[in-house]
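# Starting from these lines, generate the structure:
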Amino acid sequence: MTSPPPPPAWLLLEGGGSHTWAATATGDTVLTTAEGPSTSPRSVGEERAVHTLVDLIGQVWDNPTTAPLGVVAAHGAASTRAAAGDFAALIRRALALVGPMAGPVLVTNDLTPLLLSAPGPVCVAACGTGTGFAARNGARWARSSGLEWLLSDEGGGHDLAVAGLRAVVRALDGRGPGTVLTGLAQAWCAESDCTGGDLGEHLFFHVYREEGAKPLVATFAQHVLEAAEDGDAVAGRLVENAADELAAGAAAVCRATGITTGTDYTLLLSGSLLTEATFLRGHFMTWAHENLPPTALLWHTPKSRPEDLLRLRDLWLTPQALPPLTAAMPIHSDPVPSMAEGART
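Predicted coordinates for the structure are as follows:
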């Protein structure tokens, strides 16, 4: 007796500069999940991004002869509308290599589902490897930062890590003050197989040894936060500067959408440097309470991913709901002509 075919399912993807989460879902039920490294092509390159997507899809998709109903992806790689389209093309490549499979694809920035997760006015501040800020107040939407590390992302993990590593090199050169970051940097790059030479040579080898080192470099941010909490003056100034950048991003999107002092709004924090109780979050929240006190404070956690992405899927299947979203945020959307209401189940 043959087994019945598996029910039609959706493929869900969420990711940014350091991680990728994949899942399958039928209706509102998540069936399987998997996690892996970054699939952002500007962090790891296109080929590595596709390779990781193939691996993750293969882990969650049991029957590669059956195509997904659709792919819903909220990803930091969707910095612009064109970039969202490019990432959709990478997803199609990965599907073809797994199955071969094909299906309609929706790609938008990872801030989009967060803006939809709270009623009323909302401001999202995201700080992980990079940064992103967005706000929604009625029909007014705004977004700032999120154009990757060469154009933006000030205050994020990669930016803070680079500032910390530069402080170490300045101290080694005599161009800057001494800092406990020097010892932390020595331990941080000790795992590399560079032999001989001084700390400067070891750091050089560690950060330049391979293409796509951005996620690796960003891990040094935790050492900067640790040094700041322990009272190191150099690290403390770097964290204060990062908090100022986060405040500037949040203030910009609130100003653009009319969220001011006295507005009943929700502040939603996302990204490990803000959702975890770090020294950076403390500085940022001090600014928020003094300048734009929120009515409610929420944290975006991994548990929120399925609900957020399924809410985004439902909007995709509601023709009148998607155009305003498309006008406000970077998004690539294939048509879903044959799915309508039945595809939710």
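# excluding its backbone neighbours, what's nearest V168?
Distance criterion CB to CB, 6 or more residues apart in numbering; nearest residue to V168, sequence neighbours excluded, is A185 at 4.6 Å. Where you see a C-beta, it was placed from the backbone N, CA and C, and this is true even at glycine.
# Which strands or helices does the longest helix along the chain pack on?
The residue-count maximum for a helix in the chain (DSSP state H) belongs to helix 233-257. Under the contact criterion of 3 or more CB pairs under 8 Å, 6 or more residues apart in numbering; DSSP states H and E, helix 233-257 touches strand 122-127, strand 131-137, strand 140-145, helix 157-173, helix 221-229, helix 279-291.
# which residues touch the residue nearest in space to the middle of the chain?
Centre of the chain computed as the mean C-alpha position; nearest residue by CA atoms, centre = their mean is G16, 3.4 Å away. Contacts for G16 (CB atoms under 8 Å, 6 or more residues apart in numbering) come out as S38, S40, H75, G76, A77, D110, G128, T129, G130, G271.
# residues near the residue lying closest to D244 once chain neighbours are set aside, how many?
Nearest in space to D244, with sequence neighbours left out and distances taken as CB to CB, 6+ apart, is G155 at 7.5 Å. For G155, the count of nearby residues is 26 (other CB atoms under 10 Å).
# any idea how far T33 is from L53?
15 Å (CB to CB, to the nearest Å).
# Compare these two (neighbour count), which wins?
Counted by other CB under 10 Å, L53 and T33 do not tie: L53 has more neighbours, with 25 against 17.
# from what I can see that one touches T39, true?
Yes - counting by CB atoms under 8 Å, L53 does reach T39; the two are 5.4 Å apart.
# farthest-separated two in the contacts of G16?
Spatial extent of the contacts of G16 (CB to CB) is set by the pair A77 and G271 at 15.3 Å.
# phi, psi of A34?
Main-chain torsions, A34, degrees, to the nearest 10: phi -150, psi 150.
# Contacts only, for the nearest residue to it once chain neighbours are set aside.
Spatial nearest neighbour of A34, chain neighbours left out: Q59 (3.9 Å); criterion: CB to CB, 6+ apart. For Q59, the contact set (CB under 8 Å, 6+ apart) comprises A22, T32, A34.
# Buried residues in the helix or strand harbouring F204, which are they?
Assessed by DSSP states H and E, F204 sits inside helix 199-208. Neighbour-count burial for helix 199-208 flags L199, H202, L203, H206, V207 (criterion: 16 or more other CB atoms under 10 Å).
# Identify the residues contacting the helix or strand following it?
Following helix 199-208 in sequence order, the next helix or strand is helix 214-218 (DSSP H and E). When contacts are defined by CB under 8 Å, 6+ apart, helix 214-218 is touched by residues 17-18, 37-38, 42-44, 129, 149, 156-158, 161-162, 165, 206-207.
# could you redo the last one with a cut-off of 7 Å?
For helix 214-218, the external contacting residues (CB atoms under 7 Å, 6 or more residues apart in numbering) are G17, S18, P37, S38, S43, T129, W149, G157, H158, A161, V162, V207.
# And for stretch 324-335?
78-81, 83-85, 88, 104-109, 112, 141, 143, 315-316, 322.
# Send over it as PDB, restricted to the C-alpha atoms.
Only the C-alpha atoms of stretch 324-335 are listed here, as PDB (Å, rounded to 0.1, in the frame of the first residue of the first chain):
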ATOM      1  CA  PRO A 324       0.200  49.600  -0.300                       C
ATOM      2  CA  LEU A 325       2.900  47.300   1.100                       C
ATOM      3  CA  THR A 326       4.600  47.200  -2.300                       C
ATOM      4  CA  ALA A 327       4.700  51.000  -2.400                       C
ATOM      5  CA  ALA A 328       6.100  51.300   1.100                       C
ATOM      6  CA  MET A 329       8.800  48.600   1.300                       C
ATOM      7  CA  PRO A 330      11.200  46.800  -0.900                       C
ATOM      8  CA  ILE A 331       9.300  43.800  -2.300                       C
ATOM      9  CA  HIS A 332       9.300  41.400  -5.200                       C
ATOM     10  CA  SER A 333       6.100  39.500  -5.700                       C
ATOM     11  CA  ASP A 334       5.300  36.800  -8.200                       C
ATOM     12  CA  PRO A 335       1.600  36.600  -9.100                       C
END
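# Having no further points to raise, I will conclude here.
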